[in-house]
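Engineer: when you get a sec, could you give me coordinates for this:
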Amino acid sequence: MKKYNWGVLGTGLIAHEMGEALKAVNGEIYAVCGTSLEKAEKYKHEFGAAAAYGSAKEMLADEKIDIVYIAIPHDSHYEWILAALKAGKHVFCEKSITVNSRQLEECAALAEEKGLVICDGTTLLHMPLYKRLKQIVESGGIGDVKMIQVNFGSCKEYDVKNRFVSKELAGGALLDIGVYAASFARYFMKSRPDVILTTANYFETGVDETSGILLKNPDGEMAVIALTMRAKQPKRGVVAGEKGFIEVDNYPRACRATITYTKDGRTETVEEGRTEDALQYEVQDMQEYVSSQGGKENLGIVRDVMQTLTAVRNQWGMAYPFE
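Structural biologist: From the prediction side, this is the model:
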C-alpha cells in the first residue's frame, strides 16, 4: 500500500491510539499539531514524526501533508474539516464527524468539488466482520430484514464539568455513543429511515442522558435503539430476518457474530478480523479511498446517520448554543 503523509490534529488518548495504527499500516506519521507546541513536540518524539506544530493553520499550510486526521472534540470538527479541505487535504475525522447534517452536507459538497475524500472514525463501518455480515444479509442468508435492535449504555461518572455533558461542547449520549448505534442500524437497512419516533431524558446541563429511538424506512424495515449515559448497558446489536437473526456483542469493534436460524435453531459463528486492529482497518480503508477516489458508499451511510441524528434532536427540541 502506498504511503501517505498524515497530519494529526490533536494529541489526546484517541490520537495516541491512532498514532499506533498509523505506524503499523502506513509506517510513519508526518506531522502533528497540539493545543501547544510543547504537546506537539512530545507526540512527535513519541511517534517519530517529522514535524510538530502549535497551530492548526500552520500545519494545514504544509504542502507535504496528504491526509489530515482530526482527533479533537466534535464541536470543532466542522471548522477544521472545512479548513483542511480548503487547504487541499483529504480528511479522516473522529466521530461524530459533525454535530448536524447541515454541517456535514456542506463538508461533503466541498470535498466533492475539490475531488477530496472525507471519512469518519465510526469503527464498525471499517471492521472486516461487518463486510462479511452484509454479504450474508444481502445474499438472503437470514431472509428479509424485519427488525434491528441496538443497545449502548455508558455509565459516565457524575461530573457536571465533564465535556460529555457540556452543551457548549455538543455533549450528550446521542453524538457520543448514539453514532455507533445508528450506524449499526443504518448499515443493515436497505434505505435511510424516513419515520422517526423518539423521546429522551435530560441531564441537569440540558444534554440527553437517556433516549429511545424508533426508526422505519420505506422498505418496511424497523430499528429500535436504546441509549444511556449514566447506566451501563451491553453493547449489543441484533439483526432479525425471516429466516434467522444475527447477534453481535460489543459491536463497535466486533470480530465475532452468531447467526441463529429460525427453522431448526441451528447456530453458526462468523469470525472476521481482530478487535485490537480496529483503528488499523480505519487507516487501511481511508488510504484505499484516497488511492481509488472511493469511499462514497461509506460517506453515504455517514450522511444518512447524521440526517437521522439531526432529526432526532429536532424532535427533542435540543440545540447546542453555537448552532
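
Engineer: do a quick rundown of the helices in the protein.
Structural biologist: For the chain, applying DSSP state H gives helices covering 13-26, 37-47, 56-60, 77-86, 101-114, 128-138, 173, 179-188, 278-292, 296-316.

Engineer: would you turn those helices into JSON lines with mean neighbour count and mean pLDDT?
Structural biologist: Backbone N, C-alpha and C define where each C-beta goes, glycine included. JSON lines is the format used below for the helices of the chain (neighbours: other C-beta atoms under 10 Å; pLDDT from 0 to 100):
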{"stretch": "helix 13-26", "mean neighbour count": "18", "mean pLDDT": "97"}
{"stretch": "helix 37-47", "mean neighbour count": "17", "mean pLDDT": "97"}
{"stretch": "helix 56-60", "mean neighbour count": "19", "mean pLDDT": "97"}
{"stretch": "helix 77-86", "mean neighbour count": "20", "mean pLDDT": "98"}
{"stretch": "helix 101-114", "mean neighbour count": "17", "mean pLDDT": "98"}
{"stretch": "helix 128-138", "mean neighbour count": "17", "mean pLDDT": "98"}
{"stretch": "helix 173", "mean neighbour count": "27", "mean pLDDT": "97"}
{"stretch": "helix 179-188", "mean neighbour count": "26", "mean pLDDT": "98"}
{"stretch": "helix 278-292", "mean neighbour count": "20", "mean pLDDT": "97"}
{"stretch": "helix 296-316", "mean neighbour count": "19", "mean pLDDT": "97"}
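
Engineer: ranges for the strands of the stretch 201-323 of the chain?
Structural biologist: Using DSSP state E, counting those that start in this stretch, the strands of the stretch 201-323 of the chain run over 208-216, 222-228, 230-241, 244-249, 256-261, 267-271.

Engineer: which residues touch the second one?
Structural biologist: So that's strand 222-228. Under the criterion C-beta atoms under 8 Å, 6 or more residues apart in numbering, residues 146-155, 173-174, 177-178, 181-182, 185, 189, 193, 208-216, 233 lie in contact with strand 222-228.

Engineer: returning to what we had before: what's the most buried one of the strands of the stretch 201-323 of the chain?
Structural biologist: strand 222-228 (a mean of 21; mean count of other C-beta atoms under 10 Å).

Engineer: list the neighbouring strands of that one plus their orientation.
Structural biologist: Using DSSP bridges, the strands paired with strand 222-228 are strand 145-155 (parallel), strand 208-216 (antiparallel).

Engineer: quick one: distance of the longest one to the chain centre.
Structural biologist: Chain-centre distance of strand 145-155: 16 Å, with C-alpha atoms, centre = their mean, to the nearest Å.

Engineer: give me the distance between the following helix or strand past it and the centre of its chain.
Structural biologist: Next helix or strand after strand 145-155 toward the C-terminus (DSSP states H and E): helix 173. Here helix 173 shows a centroid-to-chain-centroid distance of 14 Å under the convention C-alpha atoms, centre = their mean.

Engineer: what does stretch 153-163 give?
Structural biologist: 20 Å.

Engineer: and for it, what's in contact with it?
Structural biologist: Contacting residues not belonging to stretch 153-163 are listed as 73, 164-165, 169, 171, 173, 176-177, 204-205, 226-235 [C-beta under 8 Å, 6+ apart].

Engineer: same deal with stretch 42-58?
Structural biologist: 8-9, 11, 15-16, 19, 22-23, 28-34, 36-38, 40-41, 59, 62, 80, 83.

Engineer: on that earlier part again, let's have the strands paired with strand 222-228 in TSV, adding mean pLDDT and distance to residue 199.
Structural biologist: Shown next, in TSV, are the strands paired with strand 222-228 (pLDDT from 0 to 100; distance: least, C-beta to C-beta, whole Å):
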stretch	mean pLDDT	distance to residue 199
strand 145-155	97	16
strand 208-216	98	6
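
Engineer: distance to residue 115 added to those strands, as a markdown table?
Structural biologist: Converted to a markdown table, the strands paired with strand 222-228 look like this (distance: least, C-beta to C-beta, whole Å):
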| stretch | distance to residue 115 |
| --- | --- |
| strand 145-155 | 35 |
| strand 208-216 | 33 |
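
Engineer: these: which one's closest to residue 102?
Structural biologist: Of all the strands paired with strand 222-228, the one in closest proximity to residue 102, counting by C-beta to C-beta, is strand 208-216 (19.3 Å).

Engineer: and the closest one with helix 179-188, angle?
Structural biologist: Strand 208-216 and helix 179-188 are oriented at 10 degrees to each other (axes from the mean of the first three to the mean of the last three C-alpha atoms, to 10 degrees).

Engineer: pull out the CA atoms of strand 208-216 and give them to me as CSV.
Structural biologist: Output of strand 208-216 as CSV, limited to C-alpha atoms (Å, rounded to 0.1, in the frame of the first residue of the first chain):
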residue,chain,number,x,y,z
ASP,A,208,-29.6,14.0,26.5
GLU,A,209,-28.8,11.4,29.2
THR,A,210,-31.1,8.5,28.1
SER,A,211,-33.2,8.1,24.9
GLY,A,212,-35.3,5.7,23.0
ILE,A,213,-35.4,5.9,19.2
LEU,A,214,-37.6,4.0,16.8
LEU,A,215,-36.8,4.1,13.1
LYS,A,216,-38.6,2.8,10.0
